[in-house]
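Chemist: Okay, here's the prediction I keep looking at, along with the sequence it came from:
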Amino acid sequence: MAFEGLAERLQGTIQKIKGKGKISEADVKEMMREVRYALLEADVNLKVVKEFVKNVSERAVGQEVMKSLTPGQQVIKIVKDELTQLMGGEQSQIAFSSRPPTVIMMVGLQGAGKTTTTGKLANVLRKKYNKKPLLIAADIYRPAAVKQLETIGKQLSLPVFQLGTDISPVEIVKKGLEHAKEEHYDVVIVDTAGRLHIDETLMQELKDIRALKEPDEVFLVVDAMTGQDAVNVANNFNESIGITGVVLTKLDGDTRGGAALSIRSITQKPIKFVGMGEKMDALEPFHPERMASRILGMGDMMSLIEKAQANVDEEKAKELEEKFRTQSFTFDDFLEQLSQVKQMGPLDEILKMLPGANKIKGLENAKVDEKQMDRVEAIIYSMTTQEKTNPEIINGPRKKRIAKGSGTTIQDINRLLKQFEDMKKMMKQMTNMQQKGKKKMKMP
Ligand code: GDP
């Protein structure tokens, strides 16, 4: 997981002062020494670390007294506030143009994930913002970049404008922008060429593309795994062509955190999105506060809730609620629920977002038994329609048949049947309570 070492160290430090009713200047000093070490170890820029430690120390020593918090808690709050500030404070939104098409230019070094992110971003814009995006393939140097973008476009059913690799990128973008206007696209995302290293020719080309039509956003895509190098790259790009935001990719890997914590402070440009995997839906808006909470082990409930909501279809949720209420919930509904949970992503990742989850011993290595989920699915698939709707008819011989069909044992079948009954009972109680309370609560 990203930030693992940093999170562990900071949480260890926090643990020491959490319950303290009185905190001396020496305590703060001692704590800040550890925090400083933790940040440096995570490859955070030295200047950023110094500034951070200074800010927290000043506030912690002369701390404003809040009745609801113990001094220990107040220091933790200060650390969290400052971490949030360090990463930009508020979530940074996309600047859409009032005169479409909005032009978003994607820049970055080769391998950072620019082409992949171009596709992911278009997907987000269409899904979340209801936009009609056009992708322009202007990376004519990296072998197969144009083809890659086309494949992504096909995969997502999104249009890609390309003119091969023999025409200059500036010309391609110019034609692409004309095309976007004619066809009334409201967002254009330009996948520009990357290089292995920053060089003058590249920067000049990007400046020329920029000069065609002032883009509304210039997103620099950087690889979070490269730590301080990512910060240097961001600085360089910002100084030569000017960027408006950063997309930090590969945050699903075990990056130490240096890039995420330093970029904003060094370049003054916000991190807008983070890449959380290779799949096309693995791009998330960057929330400084939530990230700070996660680093400090306070969990990330908001992201978890959003993840759940993104996978829930309102209509279906209502239908399900009705089924719970009338006790007509069947194994087919159960299967559907199971597949929705699976769509949320690997369960062990989801568990880690729960507050305090990092304190549960062994969870870091926990692999949620997804095989068990597969077994449950296999059992349900082996049932007849009648059995799925009326599980009470599943007697001895039926159990035997289902076990054989699904490659499981009778005990597995019994366990599932019991779970199913318990769940139905619980849901009934919940819906009853909810009706009594006359509160409209959405079923997750
Ligand atoms: P480009 O040269 O900058 O256009 O890079 P690509 O878009 O081709 O990406 C380089 C590699 O990084 C590809 O294998 C991508 O699948 C992978 N990649 C991109 N973003 C992410 C991410 O957020 N997480 C992970 N794990 N891999 C990513």
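Modeler: That came through fine.
Chemist: Might one say that Ile410 is in contact with Lys399?
Modeler: Yes. Using C-beta atoms under 8 Å, Ile410 is in contact with Lys399, at 5.1 Å. Every C-beta, even on glycine, is put in place using the N, C-alpha and C of the backbone.
Chemist: who's more crowded, those two?
Modeler: Higher neighbour count among Ile410 and Lys399: Lys399, with 19 against 13, using other C-beta atoms under 10 Å.
Chemist: Could you list the buried residues of the helix or strand where the more buried one lies?
Modeler: With secondary structure defined by DSSP states H and E, Lys399 is part of helix 396-406. Within helix 396-406, the residues that qualify as buried are Arg398, Lys399, Arg401, Ile402, Ala403, Ser406, counting by 16 or more other C-beta atoms under 10 Å.
Chemist: just stretch 91-102 next, same as before
Modeler: Result for stretch 91-102 [16+ other C-beta under 10 Å]: buried residues Ser92, Ile94, Phe96, Ser97, Pro100, Pro101, Thr102.
Chemist: Count the neighbours of Gly407 for me.
Modeler: Applying other C-beta under 10 Å, we find 11 residues neighbouring Gly407.
Chemist: thought it was touching Glu377?
Modeler: No. The pair formed by Gly407 and Glu377 falls short of the contact definition of C-beta under 8 Å, at 11.7 Å.
Chemist: now the strands for the chain?
Modeler: Assigned by DSSP state E, the strands in the chain fall at 102-107, 133-138, 160-161, 187-192, 217-223, 245-249, 271-275, 283-285.
Chemist: what inclination does the fourth one have with respect to strand 133-138?
Modeler: The one in question is strand 187-192. Note on geometry: by axes from the mean of the first three to the mean of the last three C-alpha atoms, to 10 degrees, strand 187-192 and strand 133-138 are set 20 degrees apart in direction.
Chemist: Neighbouring strands - and their directions - for strand 187-192?
Modeler: As defined by DSSP bridges, the strand partners of strand 187-192 come to strand 102-107 (parallel), strand 133-138 (parallel).
Chemist: then the last one to CSV, C-alphas only?
Modeler: Coordinates of each C-alpha in strand 133-138 appear next as CSV, following Å, rounded to 0.1, in the frame of the first residue of the first chain:
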residue,chain,number,x,y,z
PRO,A,133,-14.9,14.2,-24.8
LEU,A,134,-12.7,13.8,-27.8
LEU,A,135,-9.2,12.4,-27.4
ILE,A,136,-6.4,13.7,-29.7
ALA,A,137,-3.5,11.4,-30.3
ALA,A,138,-0.5,13.7,-30.6
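Chemist: Now it: average pLDDT?
Modeler: Strand 133-138 comes out with an average pLDDT of 96.
Chemist: likewise stretch 297-317?
Modeler: Summarised as a single mean, pLDDT over stretch 297-317 is 65.
Chemist: Report the separation between the residue in the stretch 201-350 of the chain positioned nearest to the ligand and Ala260.
Modeler: For the stretch 201-350 of the chain and the ligand, the shortest gap (C-beta to the nearest ligand atom) falls at Gly275, measuring 2.4 Å. To Ala260, Gly275 is 12 Å away according to C-beta to C-beta, to the nearest Å.
Chemist: Identify the contacts common to the two.
Modeler: Contact with both Gly275 and Ala260 is made by residues Leu248, Leu251, according to C-beta atoms under 8 Å, 6 or more residues apart in numbering.
Chemist: quick one: which of these two has more around it?
Modeler: Per other C-beta under 10 Å, whichever of Gly275 and Ala260 has more neighbours is Ala260, with 29 against 26.
Chemist: Return the set of buried residues in stretch 15-22.
Modeler: Neighbour-count burial for stretch 15-22, counted by 16+ other C-beta under 10 Å, picks out Ile17.
Chemist: Identify each buried residue in stretch 37-47, please.
Modeler: Here stretch 37-47 shows Ala38, Leu39, Ala42, Asp43, Val44, Asn45 as buried, counting by 16+ other C-beta under 10 Å.
Chemist: Wait, Thr249 touches Val274, no?
Modeler: Yes. Taking contacts as C-beta under 8 Å, Thr249 lies within contact range of Val274: 7.5 Å.
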